[in-house]
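Asks: model the structure of this input:
(2 chains)
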Amino acid sequence: MNVIISVIGKDRVGIIRDVSTILADQNVNIVDISQTLMGEYFTMIMRANTEKSELPIDRLAALLHEKGASIGLDVNLRSEEIFDAMHRI
Amino acid sequence: MLSDKEILETMGMVSSQHLDVRCITMGISLFDCISGSADETARRVYDKVASYAKDLVAVGDRIATMYGVPVVNKRVSVTPVSLVGAASGGYLEIARAMDRAAKETGIDFIGGYTALVQKGATPGEEAFLETIPEVLATTEKVCSSVNVASSRAGINMDAVKEMGEIVKKTAYLTRDKDSLGCAKLVVFANAVEDNPFMAGAFHGTGEADKVINVGVSGPGVVKAALEQVDGDLTAVAETVKKTAFKVTRVGQIVAKTAAKMLDAHFGIVDLSLAPTPAIGDSVGRILEEMGLERVGACGTTAALALLNDAVKKGGIMASSHVGGLSGAFIPVSEDIGMIEAAEMGALPIEKLEAMTAVCSVGIDMVAIPGDTPAEVISAMIADEAAIGVVNQKTTAVRVIPVYGKTVGDTASFGGLLGHAPIMKVSGYSPARFIARGGRIPAPLGSNKN
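Replies: Residues are numbered from 1 along each chain as shown, chains lettered A, B, ... in the order given. So this is what the prediction gives:
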């Protein structure tokens, strides 16, 4: 399943590495990344594929959110379906 | 490929504009639970509801995490209990079984303690109606509704008269909680059979065995979109349409996924804009954003008509099956814009009544003085029913004559039900009109065959 992951946090060294490590540990494949700095906040949107992950998407979302929070990042993972539904006819 | 802008827009709707799925409601047919014994019927009702709905809460939570959109309420609606209990007369037993099953499954409410008496009541339905106050006072999660009128049948004024008394009795029996029981009782004209919203949800007789109906929400999303619009009212309507489309698409995908996970029929998506008392989740504020100083000002009915119509036009294409009430809700106690307007005297009950002619429900969650006579409540019901019957639309009355309180006091119901100032009701008596009883004939426009 394709997912969209958003990452927001105060800018510092190693954010991409930290998030990528969490995803790699869960066998989630990153397909695309875009990122920008809004003031002192780092904002990243990732597109990824969870097909090889053993966790179902709801557990993955919860895990990512929890691990993100522990390193000061707001990380949200959602099925891409919800974005497609809203923005594509 | 989705753009970052689109992704951020969706995320913003959820995180700062209160976009949520207001309810996933599972409709369950209870026809196969009917037996001649009250205890046996109640046992079958409990078993069926507890087994069909056992995963409803877990699935709702799972979908919420999967899509990152809160699913606020998980509910069950059942076949009208006046029918299910007719053979045994065990209405109270069935209500208690429903309440137990609701608690067992962890759902928020169970609706369907319902009678459809728009043309007349059977002896069984008469007996059923009398049980409503006790059921609402002694159960926690059971919701009740009674349909007293339809465009086809006209208005059953005998039932209207009785409902005024039932509302009063319910208020008295739940007097220690600001007459909260009345918040769980809706009197309808043209009730719909697939409404996912409480307190008026029931599972119609033409429905399948297990059906998922979903109610979306999103007043905050519409308001935020309108904040960007500086154009004329055509531009306002277009913006509401586009926003309603996006909101409804969320409901559609949630309904489809929930139906699949729960092995149920996908019923309908209800397009209603349902407010909550939270800041930024108000229908009243949308009307104010359109340019009214306060909801209740002259122009409110026109603004609401625009909103209601645009929500439907945007939503219809977004879902394969639209149903339920599908319009803007204007429950006073559940909408911070309405609460404020009522408190400051900007929104009298008469203006609310006018607004109900162009939106989807009626006089909803309105607290009135506890000493309001039963015939006045009946007359309020008759007025709303007339608006619904003549305009071929659903209308409803959910008033709370708060025991021991009067104009100037506030009633507090807690949670999503919010709080409300006690509103003034006309002191002139409709007693003779209500005492006449009988039926108000169906209007000319209903004879369409």
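Asks: check the gap between residue B:31 and chain A for me.
Replies: 35 Å (Cβ to the nearest Cβ, to the nearest Å). All C-beta spots, glycine's among them, are computed from the backbone N, C-alpha and C.
Asks: next up, the contacts around that residue.
Replies: Counting by Cβ atoms under 8 Å, 6 or more residues apart in numbering or on different chains, residue B:31 makes contact with B:79, B:83, B:84.
Asks: for the chain, just list every one of the strands.
Replies: Chain wasn't specified; assuming chain A. Here chain A has its strands, by DSSP state E, at A:2-10, A:29-38, A:41-49, A:73-79.
Asks: wrong one, I was asking about chain B
Replies: Using DSSP E, strands in chain B cover B:21-28, B:71-78, B:109-116, B:142-150, B:154-156, B:185-189, B:210-216, B:265-270, B:363-369, B:395-402, B:410-412, B:419-421, B:439-440.
Asks: now those as TSV including mean neighbour count, distance to residue B:43 and mean pLDDT?
Replies: Listed next are the strands of chain B as TSV, based on neighbours: other Cβ atoms under 10 Å in any protein chain shown; distance: least, Cβ to Cβ, whole Å; pLDDT from 0 to 100:
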stretch	mean neighbour count	distance to residue B:43	mean pLDDT
strand B:21-28	29	15	96
strand B:71-78	24	15	96
strand B:109-116	27	16	98
strand B:142-150	28	17	98
strand B:154-156	24	33	98
strand B:185-189	29	26	98
strand B:210-216	28	19	95
strand B:265-270	25	26	95
strand B:363-369	26	35	95
strand B:395-402	28	31	96
strand B:410-412	19	37	93
strand B:419-421	24	39	92
strand B:439-440	16	38	98
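Asks: of all those strands, which lies closest to chain A?
Replies: Among those, strand B:21-28 comes nearest to chain A, with 10.9 Å by Cβ to the nearest Cβ.
Asks: could the strands of chain B go into a markdown table alongside distance to residue B:335?
Replies: What follows is these, written out as a markdown table (distance: least, Cβ to Cβ, whole Å):
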| stretch | distance to residue B:335 |
| --- | --- |
| strand B:21-28 | 13 |
| strand B:71-78 | 15 |
| strand B:109-116 | 19 |
| strand B:142-150 | 19 |
| strand B:154-156 | 28 |
| strand B:185-189 | 17 |
| strand B:210-216 | 16 |
| strand B:265-270 | 17 |
| strand B:363-369 | 9 |
| strand B:395-402 | 13 |
| strand B:410-412 | 15 |
| strand B:419-421 | 10 |
| strand B:439-440 | 31 |
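Asks: now residue 49: closest residue in space, sequence neighbours ignored.
Replies: Reading this off chain A. residue A:29 (4.6 Å; Cβ to Cβ, 6 or more residues apart in numbering or on different chains).
Asks: meant chain B actually
Replies: Nearest non-adjacent residue to residue B:49, counting by Cβ to Cβ, 6+ apart: residue B:101, 3.8 Å away.
Asks: and that neighbour, how many neighbours?
Replies: Close neighbours of residue B:101, defined as other Cβ atoms under 10 Å in any protein chain shown, add up to 25.
Asks: can you pull the contacts of residue B:122?
Replies: Applying Cβ under 8 Å, 6+ apart to residue B:122 gives the contacts residue B:86.
Asks: so what's the residue count around residue B:405?
Replies: 21.
Asks: state the distance from it to residue B:338.
Replies: Applying Cβ to Cβ, to the nearest Å, the value for residue B:405 to residue B:338 is 18 Å.
Asks: kindly report the same for residue B:24.
Replies: According to Cβ to Cβ, residue B:24 stands 26 Å off from residue B:338.
Asks: which bits of chain A sit near chain B?
Replies: Taking Cβ under 8 Å from any Cβ of the partner chain as the criterion, chain A approaches chain B at residues A:4, A:6, A:34, A:45, A:47, A:57-58, A:61-62, A:76-87.
Asks: one more time with 7 Å, if that's ok
Replies: Contact residues, chain A versus chain B (Cβ under 7 Å from any Cβ of the partner chain): A:4, A:6, A:34, A:45, A:57-58, A:61-62, A:76, A:78-79, A:81-83, A:85-87.
Asks: tabulate the strands of chain B (TSV), appending distance to chain A.
Replies: As requested, the strands of chain B are arranged in TSV below (distance: least, Cβ to the nearest Cβ, whole Å):
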stretch	distance to chain A
strand B:21-28	11
strand B:71-78	12
strand B:109-116	24
strand B:142-150	29
strand B:154-156	42
strand B:185-189	31
strand B:210-216	12
strand B:265-270	12
strand B:363-369	29
strand B:395-402	31
strand B:410-412	34
strand B:419-421	33
strand B:439-440	45
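Asks: okay, now residue B:381: neighbour count?
Replies: Neighbours of residue B:381 (other Cβ under 10 Å): 31.
Asks: was I right to think it contacts residue B:399?
Replies: No - counting by Cβ atoms under 7 Å, residue B:381 stays clear of residue B:399, with 8.5 Å between them.
Asks: isn't residue B:273 right up against residue B:314?
Replies: No - using Cβ under 7 Å, residue B:273 is not in contact with residue B:314; the gap is 10.9 Å.
Asks: neighbour count for those two, which is higher?
Replies: Ranked by neighbour count (other Cβ under 10 Å), residue B:273 and residue B:314 place residue B:273 first, with 31 against 24.
Asks: ok, for that one, nearest residue in space, not its chain neighbours?
Replies: Using Cβ to Cβ, 6+ apart and skipping the chain neighbours, the partner closest in space to residue B:273 is residue B:328 (4.6 Å).
Asks: what sits against that neighbour?
Replies: With contact set as Cβ atoms under 7 Å, 6 or more residues apart in numbering or on different chains, residue B:328 has these partners: B:272, B:273, B:283, B:304, B:307, B:308, B:311, B:359, B:360.
Asks: residues of the stretch 201-350 of chain B that sit close to chain A?
Replies: So the stretch 201-350 of chain B meets chain A at B:246, B:249, B:250, B:252, B:253 (Cβ under 7 Å from any Cβ).
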